[in-house]
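>>> Structure, please.
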Amino acid sequence: MSGTIAFASPTQCLGDNRKRPPDDAFEIQPPQAKSSRVFTGEILSSSSAFGSNLSPYRFASTASRDKENQKPSPVTSSRESSFRGNSNPFPRELPPTPAVVDLCDDDDDDINAIGEDSSKKYLNVKEEEIEVVKVRRSKKVTFNEIEHEVKYFSRYPVEEVPFNDLGTINENEETSGNSNAILSSEQSRATAEFTVLSSRHGRARRQLRNISKRDLQAAIKYGKRQPAHPDRRTGKPRWKFVHDGLVYITDETMRNEITSFQEAVTIDMKDVSVEMIDHHTEVKRILREERHLCTGHTFIVIDQSGSMRNSDVNGFRSRSHAAYGTLALDFISEQLHLNPNKDGLLAESVSVIEMRDTAKAVLQMEPLDWILFNRLCRRPNITRPSFHGNYNESLICVESMIVNEYTQLTEDGVDHKDMPTFSIVFLSDGRPSDCTREDTQLRTNILTDLTKLVNSKLLVYAMGVGTNGADFGVLSSMVKVVNANGGEGQFVHAGLSAVALSSTFSDISNTLTTHRTTLLSNTNDGNNLPTDNAGGKTKKKFTMRETGKIVGKKMPVETYIHGKEYTIKRFRFENKGSQRFSWRDVKFANHGAVGFEKEIHPFGKGSERLAFRFSEVVVDQKTKVAKKTGKTMVAKTSIHIEKETKEDFHKDFCRVQNVSQDLAEKFNHAVRKAPSLVAVDEASRPPELQFMLCHVYSYTNNVTKEEKALLVEKKLPGKFTKYNSNNGYVKGAKDGISDTRTIELECGTVPLEEFVQAFSHWVYVHSNHNLIVCDLQGVLNEEGRYPIFQLTDPAICTRKGPRYGKTDMKISGIRNFCRTHRCGHVC
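The predicted model follows:
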């Protein structure tokens, strides 16, 4: 294309005040038949000397020469001498470099005027014309005879870049006030007047990240300037401009573009203490060796195909950064803030799978803690999205891990209802690469088999990250397959909004917290009564015994005398070895006793039993009146209406108490042999644990032949205390306060209560993680020479239960204790 261009006078176009030339400063004339001079120009940036809003046919200054190559330009023209001879309104003298004409729009205006590679254009000089030799095409433009003046803008003043002692740029050092003053004076210039010379890499990055050249010019004009990291190859300094969420990197001249990107959200790492590292190591061991304690396993599949490099999510450098950033902030961090004491996250694990052509588990069975949070924050700076995204490879990887874990838990005797929740979070930005009919069928089979295996324990969340026009049909169909086979699935299109991503991860976090709470609450609270008709049983109607000032007041009682009306026997439940027990008929506790009396109103209640005051009685031979004899004891009956014989109801409670006593004797022996638990003085001897010996009083109506029984124990003196429970309660666990006295041992100062908590832990470890004795309650008896914990009504929870009655909460009881227990010196 050729034509004639008529320019207004230089003074009119620019002037000393450097105002933008009027829109009519240029006028394109039709081609002339003859021309006295032919000039062809090179394509430059749209940010030329005359501004970006003018006609594309305009003059601009050339790029600066390489400092190391100071040879004069080979171009010689009579225009140079005429420029110098005329009255030039500009303060600077025309440099000995050829004028350049920009002949195209912004799509091609990023070619460097210096010509640093073979794809750029070169000027060849002839006597009567200047011709552009261009790789792609050649253009000639004919001008008239008017001599045109060209303004060459001066560079920004570049002060010496501050270096530190190691020879690298000190980014913390502020630039001098003089340079800031000079830069502020440049703000009076139009934004389009700031020259930006693009490179091929910079132009490609701008197109990928939707950044215009005018954004870069605004960053130079208004942005904050600071030293950037030097060139890795040459060591030359660079500058960084930050403005309106845009980061722009230039060379030392502040003209040549290196790269540009959106300023990313800064996520601060969590400071990790030694205690956190120890806890992380211990939970890793638990997840590896005691998988039955795991309450949930989340598998996060993150698309790392090449499209995840796109920089179109506000606040993040790329989609990959957005995925990992919101995952760390709104999935990991939120759950940790909801559980500051780590009680509900003892054995919660997370696995992360990156999806490309193949699937790779970059994190496998990691504890949900702050160390995982830091790793997820660093991950997008380590990994690089590339290649295609194949869904099936990732699903096969997840399936193999779930099947392996489910099989091991089943072999360990964990019931399906006690299985952890398996959650899959599948995050992708579009249609998969494996989308043939065979791939679709394979994907359906994998999800169908997986859902049928774990059933309601499988949760699938599919997240689409991309524009509204992106194809997320495959993700949606995956969720439908899961829902159709008994699992729980949900598809969410989060778009390209960081807020939507955060909201989606928060919803997933809340859902998992609900499932975890349900799993851990699969037990009866020892402090609360069960609901009416629990397990098909009806609760007895009763009125609690009066409390307060009742001295001298006679309470109503029931009296049973052995004789014509009732047959009364007293039994002891004894251990015959090898877990064999039997009932032994024994005499009454007091000489001459022939029966017993029991108060009608209970003074205590639990989840399964009611407690009454109980005494043996003797009959006065003269008056034939029954009188109490011996000490007051405690009788226990069921809280529900049911058959209460020694075999049907009391046998399990007696067996639990006998097994607990056998384990307590072994624990006491282990404490005495432990070198670290040796007392410093005689007054600091460690306490012993003792479970009360229980008997069953069986009384049969001789007329109706109806048999009933009462479990009777010695009444414990002192303050009754509940130390832990099978629902996770641990006395003093939240505030760390103990109201018992302390003793001095070789390992340090130890509260007496710590021995009770350590006993539960000791049983769990020495039974090879198969059972635990919990629900410990009783009194600390310090009336003798050495303190003794006298305990009653324990509960034994087993992995393959229930084997020890109604209070055996199996895996739930073990999980509840382990998640709240805090080891001390005794452990």
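>>> where in the stretch 701-827 of the chain is pLDDT low?
733-739 (pLDDT under 70).
>>> residue contacts, Gly486?
451-452, 455-456 (C-beta atoms under 8 Å, 6 or more residues apart in numbering). All C-beta spots, glycine's among them, are computed from the backbone N, C-alpha and C.
>>> From His297, how far off is it?
19 Å (C-beta to C-beta, to the nearest Å).
>>> One more: Ser433?
With C-beta to C-beta as the criterion, Ser433 and His297 are 27 Å apart.
>>> coming back round to it: taking the contacts of Gly486, tell me the two that lie furthest apart.
Lys452 and Ser456 (11.1 Å; C-beta to C-beta).
>>> Show me the shaky parts of the stretch 251-400 of the chain.
Filtered on pLDDT under 70, the stretch 251-400 of the chain yields the residue ranges 340-345.
>>> of Ser433 and His297, who's got more company?
Neighbours were counted for Ser433 and for His297 using other C-beta atoms under 10 Å; His297 has more, 24 against 18.
>>> For the stretch 701-827 of the chain, which segments count as strands?
Using DSSP state E, counting those that start in this stretch, the strands of the stretch 701-827 of the chain run over 707-714, 721-722, 742-745, 748-751, 771-774, 777-781, 788-792, 795-798.
>>> Most tightly packed of the ones you listed?
Of all the strands of the stretch 701-827 of the chain, strand 771-774 carries the top mean neighbour count, a mean of 28, counting by mean count of other C-beta atoms under 10 Å.
>>> distance of the residue at minimal distance from the centre of the chain from Arg206?
The centre of the chain sits closest to Ile332, judged by C-alpha atoms, centre = their mean, with a distance of 1.4 Å. Distance of Ile332 to Arg206, computed by C-beta to C-beta: 34 Å.
>>> Could you verify my assumption that Phe612 touches Lys605?
No: using C-beta atoms under 8 Å, Phe612 is not in contact with Lys605; the gap is 10.4 Å.
>>> Those two - which one has more neighbours?
The neighbour count for Phe612 versus Lys605, taken as other C-beta under 10 Å, is higher for Phe612 (24 against 13).
>>> quick one, what contacts that one?
Phe612 touches 598-603, 634-637, counting by C-beta under 8 Å, 6+ apart.
>>> Asp434 too?
By C-beta under 8 Å, 6+ apart, the contact set of Asp434 is 390-393.
>>> Assign it to helix, strand or coil.
Reduced to three states with DSSP: H, G, I helix; E, B strand; the rest coil, the structure at Asp434 is coil.
>>> cool, Arg572 as well?
Assigned by three-state DSSP, the conformation of Arg572 is strand.
>>> what's the neighbour count on it?
Neighbours around Arg572, by other C-beta under 10 Å: 15.
>>> Please name the nearest non-neighbouring residue to the residue nearest to the centre of the chain.
Of all residues not flanking Ile332 in the chain, Phe373 sits nearest, at 4.7 Å (C-beta to C-beta, 6 or more residues apart in numbering).
>>> cool, and Val625?
Excluding its sequence neighbours, the residue lying closest to Val625 (C-beta to C-beta, 6+ apart) is Val619, at 7.1 Å.
>>> so the one you found touches Val594, yeah?
Yes: in this structure, Val619 is within contact of Val594 by C-beta under 8 Å, at 5.8 Å.
>>> so what sits against both of these two?
Common neighbours of Val619 and Val594 (C-beta under 8 Å, 6+ apart) are Ile561.
>>> who's in contact with the closest residue to Glu744 other than its chain neighbours?
Distances taken as C-beta to C-beta, 6+ apart place Val680 nearest to Glu744, at 4.2 Å, with adjacent residues excluded. Shown in contact with Val680 (C-beta under 8 Å, 6+ apart): 744-746.
>>> and Val680, how far is that from Leu363?
Taking C-beta to C-beta, one finds Val680 at 47 Å from Leu363.
>>> Please apply the same query to Leu372.
7 Å.
>>> Kindly report the same for His761.
Counting by C-beta to C-beta - His761 and Leu363 are separated by 29 Å.
>>> Tell me which of those two has more neighbours.
Using other C-beta under 10 Å as the criterion, His761 and Leu363 rank with His761 on top: 19 against 16.
>>> Grab the nearest non-local neighbour of the more buried one.
Per C-beta to C-beta, 6+ apart, closest to His761 is Cys827, 5.2 Å.
>>> for Arg206, same thing?
Ser260 is the one closest to Arg206 (C-beta to C-beta, 6+ apart), at 5.8 Å.
>>> other SSEs contacting the helix or strand Met401 falls within?
If you go by DSSP states H and E, Met401 is part of helix 391-411. With contacts taken as 3 or more C-beta pairs under 8 Å, 6 or more residues apart in numbering; DSSP states H and E, helix 391-411 sits against strand 296-303, strand 348-355, strand 359-367, strand 421-428, helix 437-454.
>>> For the third one, output the C-alpha coordinates as PDB.
Output for strand 359-367, consisting of C-alpha atoms alone and laid out as PDB, is shown next (Å, rounded to 0.1, in the frame of the first residue of the first chain):
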ATOM      1  CA  ALA A 359      -2.000 -39.000  37.200                       C
ATOM      2  CA  LYS A 360       0.500 -38.400  40.000                       C
ATOM      3  CA  ALA A 361      -0.200 -38.500  43.700                       C
ATOM      4  CA  VAL A 362       2.000 -35.600  44.900                       C
ATOM      5  CA  LEU A 363       0.700 -35.800  48.500                       C
ATOM      6  CA  GLN A 364      -0.600 -39.000  49.900                       C
ATOM      7  CA  MET A 365      -2.400 -39.500  53.300                       C
ATOM      8  CA  GLU A 366      -1.100 -36.200  54.800                       C
ATOM      9  CA  PRO A 367      -2.600 -35.100  58.100                       C
END
